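Chemist: here is a sequence together with a model predicted from it:
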Amino acid sequence: MPSIRTKEFTPRASEAINNPTIQKSLDRLANFRQGRTDSIEEFGQERWDEHTKRAKEIKQETLGHLDHYLDMLSTNVERAGGKVFFAHDTQEANEYVAGVARANSVKTVIKSKSMVSEEMGVADYLEGMDIEPVETDLGEYIIQLAKEAPYHIIAPALHKSKEEVSELFQRVLGTPAESDITALAGIARKVLREKFLQADMGMTGANFGVAEAGTIVMVTNEGNGRMSSSLPRVHVATMGMERVIPRLSDLATFLPLLTRSATGQRITSYVAFATGPKRRNEEDGPEEFHLVILDNGRSKMLADPQLREALYCIRCGACLNACPVYSKVGGHAYGWVYPGPIGAVVTPSILGIPIAKDLPFASTLCGACKEVCPLDIDIPRMLLKLRSDATEGPAGTRKPDRIESMMMRGWRMIVSSPRMFGLAGKVASILQWPLSRNKFMRRLPPPLSGWTKSRDFPTVSAKPFHARWSAMALPSEKGDKDGK
Amino acid sequence: MPGKKVSLFVTCLVDQFYPEIGEATVKLLRHLEFEVDFPGEQTCCGQVALNGGYHSHAVAVARRFVEVFRDSEVIVAPSGSCVTTVFTHYPELLRESPELKDEVESLRNRTFELSQYLVDVMGVENIGSTLPQPTRVAYHDCCHALRDLGVARQPRQLLQAVDGLELVEMTDSTNCCGFGGTFSVKYPEISMAILNEKLGHVESSGADVLTAVDASCLMHMGGAMRRQSMKARPMHIAELLASGLPGGMNA
Amino acid sequence: MASKEAFLATVRAALAKGNDGAEVTPPDASPNPADDQDIAQKAEALRESLAQRRDALLEQLHRSALLQEWKVVFVSSDAEAREAIVDIANGLAANTVVRTSHPVVERLGLDEALETKSIHSVLLGSQSNDMQGIAAGADIGITGMDYLIAETASASLVAREGAARMTSLLPPVHIAVAQADQVVETIEDLLIFREAELAEESDSNWYMNLISGPSKTADIEQTIVIGVHGPGEVHLVVIR
């Protein structure tokens, strides 16, 4: 398991906000947003809506019968000569991968991008066995050298300026300083090409696992996914169990939703379909194919009718790009593998709310994520459910704030009748007097001090609306109790 | 709309902090010949409890709300987020009270944000307002009004029809202002980072007035605008529209 | 296998819980292609429909291919195809090219034509011990492609024999050769043909690539760099 730093949300958010390089990098999310908008316009809004509707139906069908489709997927992978391992948790998954590596005397593993492999922390696990795991996706390679977690689902090194990348390469690879981005990519290309050609095992992710065909699909732009699934003798693919879809034809529904939402592309440079190991007559290609299917808490989400929807996610990253909070705090504040709105749901669901309590609360519930989600996943609703669990959920789930709970009990009393409400207003009216100037307060005690640090706070009115109504009411509008 | 009756849901925030918005709303509705009643038992829709995860408190307050507005044919509020609480969240919130199911369904379909009601339901295109002096106005799209209620065209329609009002579209008007209820106090640094970007757009729009349908967002934006001594001032849409009616702001 | 049964049992239990105790019934239709009796007819009908729309599809292909940074050339005969390929190789001052034995390439007589320009052409296969080295050291890889998708400017290839994977991936330039009558409109069309083929194929393992342009990345400051790990220059030669 990669390190869990979910309790550091606020300080790490603050770090990001006060870092001009990071803010500049996050400003570039606008490109992703515009790309998506332009791409959908080209596709046609009506056609897009049909696709999202159909995709949701397919996900509902699949997840509603997940055991059936996983069984079918595994049967078909095996029929094609591949092996399937069902991993209950990341420990089991890592042990299986290690076993495959050992059995094949693997020294070097080339990895193409897989969020599930990040979840497993398999690179660290393999290193502990004296095996060299090499991330080959340029962004993943950069963060591997920097020993950092991915910053964004699609662009792992989004936060790094080209100067920082150059310094990193200088420090770790001993290469000269480079100010040109093409040249920097060229450095990585050269180093990684050597690794591609000598690797014994390739690990990839799987954007989709097609049940009827036993096929995993890899959607990429760089070519490292192709390298990892074609050059080494052994190919290991890692997949979250929710990524299975029933039919090959379903890909026609999902692929445009993924590529257009993620990068605004009609299609990525490469879409590779791998069904088992290489054919008899093929001279290149892996001789062994392994598919590792991971649960790691997804069954918990499946069991909760309110959280199941989060399993529809195709990891396009559109919600990150749309989120006002992510756009300021960046990926590391979220403290685990999955950042942004979807991370705010998945992380507490998998790791538990007590250690990830900030995540469901650090949202304005603006709904931009739901608006851009190609599967129409209602993230705000799930955040509200997680907040409710945090406050009033079963033991082990809840982590209430005692003071806030007290205040809410007070609030409940206040709003229980207009008389109480009016009384509370009068009390506030008196208490605020020493703090007010010209109907505003510039300094308030906690918890409102967070507000007044940078915003003026209005005073309550001496005469609330309730008190004004009887003077305003026209004779025809007066209720029965005023007589007619 | 002579004789058409609407019940005012003034919202707890407007009641206590911005009663003038309530007054402006009433003035506007009367100008359009509505009969306005004010169910005096109302206090709050429960949004703050819902958003804080205080589910059981929210349920209790919601049940009370249903009761208070039981006899109101049409409910109008000068707020998008409060109407959203009723429209989007009450069915889920009250799902454990199946005896209220039909009532909640009826309630959510007769509760409206002010501009939504005027334009969509009553077909109003021009309220007949003339501002005392020419004013450049930028409209901020409050999140819940926009995404839950589909309110975007309606307030702009009403604003554009006002004589002397020049509506300017500011950059990223649909971006969140960073309020998010208690978020603004729990995560003040993030809230301000989001807000400062918004305020930059307000500034570059050259607007004299920043308007919106939610007093809560305006409280947050306005609070910072005042602290930063910005030229633009915040004004709720009801106040802004009513200021151009005969008698000005006075009821 | 123990882990599979336990795993699926966990999933079933989760479903039972999530469906509020309702019975989980198997899905209505089995998506197994072997069950789809109609797939052959579906494919045939599609073939006919595509034939009627061919010119429009080729135009669409051309437009999208240019937008996606393919270099495209349409030719009317095998001879022209050969000439076009030799021109490309010559223009790049290539020393070595590697190729596959895909029918659409095999019949072009490329080896001889390239030799006349002192360009060494190698059919990559088991005659060489260091296939990877040869492919990585070659200037161009030439492969025949199975289908062309007009909407997304994609060329598809199922790796059937030889070293199709390496040939299209390791050299810095890739020339993809295809027949115009293999053009389809959407990926949906392509997948119908794949399913029809699967129903006939004896091998249940297969590897297919959809290539839709040069290799690229935008991982540093969202600046696009062409030609990262895969070929940075891709040519599409379409033979009518």
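Modeler: Nice, I can see it. Numbering: from 1, shown residues only, chains lettered A, B, ... in the order given.
Chemist: so who does residue A:211 touch?
Modeler: A:69, A:70, A:72, A:73, A:76, A:244, A:245, A:246, A:247, C:31 (C-beta atoms under 8 Å, 6 or more residues apart in numbering or on different chains). Using the backbone N, CA and C atoms, a C-beta is placed for each residue, glycine as well.
Chemist: and residue B:15, by the same measure?
Modeler: Residue B:15 sits next to A:421, A:425, A:464, A:465, A:466, B:22, B:43 when contact means C-beta under 8 Å, 6+ apart.
Chemist: may I see the domains of chain B written out as residue ranges?
Modeler: What automatic domain parsing lists as the domains of chain B is B:4-121, B:130-242.
Chemist: okay, the ones you listed in CSV with mean pLDDT next?
Modeler: What follows is the domains of chain B, written out as CSV (pLDDT from 0 to 100):
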stretch, mean pLDDT
domain B:4-121, 97
domain B:130-242, 98
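Chemist: so what does residue C:140 have for phi and psi?
Modeler: Dihedral pair for residue C:140: phi -140, psi 140, per degrees, to the nearest 10.
Chemist: is it true that it touches residue C:86?
Modeler: No - assessed by C-beta atoms under 8 Å, residue C:140 is found out of contact with residue C:86, at 10.9 Å.
Chemist: of these two, who's got more company?
Modeler: Per other C-beta atoms under 10 Å in any protein chain shown, whichever of residue C:140 and residue C:86 has more neighbours is residue C:140, with 26 against 18.
Chemist: so what's the more buried one bridging to?
Modeler: Assessed by DSSP bridges, residue C:140 has beta-bridge partners residue C:97, residue C:173.
Chemist: tell me who's in contact with it.
Modeler: Contacts of residue C:140 (C-beta under 8 Å, 6+ apart): C:88, C:89, C:92, C:94, C:96, C:97, C:98, C:171, C:172, C:173, C:174, C:175.
Chemist: one step back: nearest to residue B:230, of the contacts of residue B:15?
Modeler: Using C-beta to C-beta, residue B:22 comes nearest to residue B:230 of the contacts of residue B:15, at 25.7 Å.
Chemist: quick check: the closest one vs residue B:237, distance?
Modeler: Applying C-beta to C-beta, to the nearest Å, the value for residue B:22 to residue B:237 is 13 Å.
Chemist: what's the answer for residue C:115, then?
Modeler: For residue C:115, the distance to residue B:237 - C-beta to C-beta - is 79 Å.
Chemist: which of these two has more residues huddled nearby?
Modeler: Using other C-beta under 10 Å as the criterion, residue C:115 and residue B:237 rank with residue B:237 on top: 27 against 11.
Chemist: need the helices for chain B, in chain order.
Modeler: Listed in chain order, the helices of chain B (DSSP state H) span B:12-17, B:19-31, B:47-52, B:55-68, B:80-84, B:90-93, B:101-108, B:114-116, B:143-147, B:153-160, B:183-186, B:188-205, B:215-227, B:237-242.
Chemist: which one of these lies closest to residue B:5?
Modeler: Across these, the minimum distance to residue B:5, taken as C-beta to C-beta, is reached by helix B:19-31, at 10.1 Å.
Chemist: any residue of the closest one touching chain A?
Modeler: Yes - residues of helix B:19-31 contacting chain A under C-beta under 8 Å from any C-beta of the partner chain: B:19, B:22, B:23, B:26, B:30.
Chemist: nearest residue to the second one other than its sequence neighbours?
Modeler: Leaving out its chain neighbours, the residue that sits closest to residue B:22 by C-beta to C-beta, 6 or more residues apart in numbering or on different chains is residue A:465, at 4.0 Å.
Chemist: would you map the helices across chain C?
Modeler: C:2-18, C:39-52, C:54-67, C:78-91, C:103-106, C:110-115, C:131-137, C:164-167, C:187-200.
Chemist: need the residues that contact the fifth one.
Modeler: So that's helix C:103-106. Here helix C:103-106 makes contact (C-beta under 8 Å, 6+ apart) with C:99, C:142, C:143, C:144, C:145, C:177, C:178, C:179, C:239.
Chemist: tell me the buried residues in that helix?
Modeler: C:104, C:105 (16 or more other C-beta atoms under 10 Å in any protein chain shown).
Chemist: next up, the contacts around the nearest residue to residue A:233 once chain neighbours are set aside.
Modeler: Once flanking residues are discounted, residue A:233 sits nearest to residue A:287: 5.3 Å by C-beta to C-beta, 6+ apart. With contact set as C-beta under 8 Å, 6+ apart, residue A:287 has these partners: A:233, A:234, A:277, A:278.
Chemist: dump these into JSON lines; add pLDDT as well.
Modeler: Compiled in JSON lines, the contacts of residue A:287 are given as follows (pLDDT from 0 to 100):
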{"residue": "A:233", "pLDDT": "97"}
{"residue": "A:234", "pLDDT": "98"}
{"residue": "A:277", "pLDDT": "98"}
{"residue": "A:278", "pLDDT": "97"}
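Chemist: just flag the most distant two among the residues you listed.
Modeler: A:234 and A:278 (11.3 Å).
Chemist: need the residues touching each of those two.
Modeler: A:286, A:287.
Chemist: picking up where we left off before, next, format the contacts of residue B:15 as a markdown table and append neighbour count and secondary structure.
Modeler: Compiled in a markdown table, the contacts of residue B:15 are given as follows (neighbours: other C-beta atoms under 10 Å in any protein chain shown; DSSP: H, G, I helix; E, B strand; the rest coil):
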| residue | neighbour count | secondary structure |
| --- | --- | --- |
| A:421 | 21 | helix |
| A:425 | 22 | helix |
| A:464 | 24 | coil |
| A:465 | 25 | helix |
| A:466 | 21 | helix |
| B:22 | 28 | helix |
| B:43 | 25 | coil |
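Chemist: between the residues you listed, which sits nearest residue C:53?
Modeler: Once C-beta to C-beta is applied, the member of these that ends up nearest residue C:53 is residue B:22, at 63.3 Å.
Chemist: distance check, that closest one against chain C.
Modeler: Separation of residue B:22 from chain C (C-beta to the nearest C-beta, to the nearest Å) stands at 44 Å.
Chemist: close enough to count as contact, that residue and residue A:467?
Modeler: No - the pair residue B:22 / residue A:467 is not scored as a contact, 10.9 Å apart, by C-beta under 8 Å.
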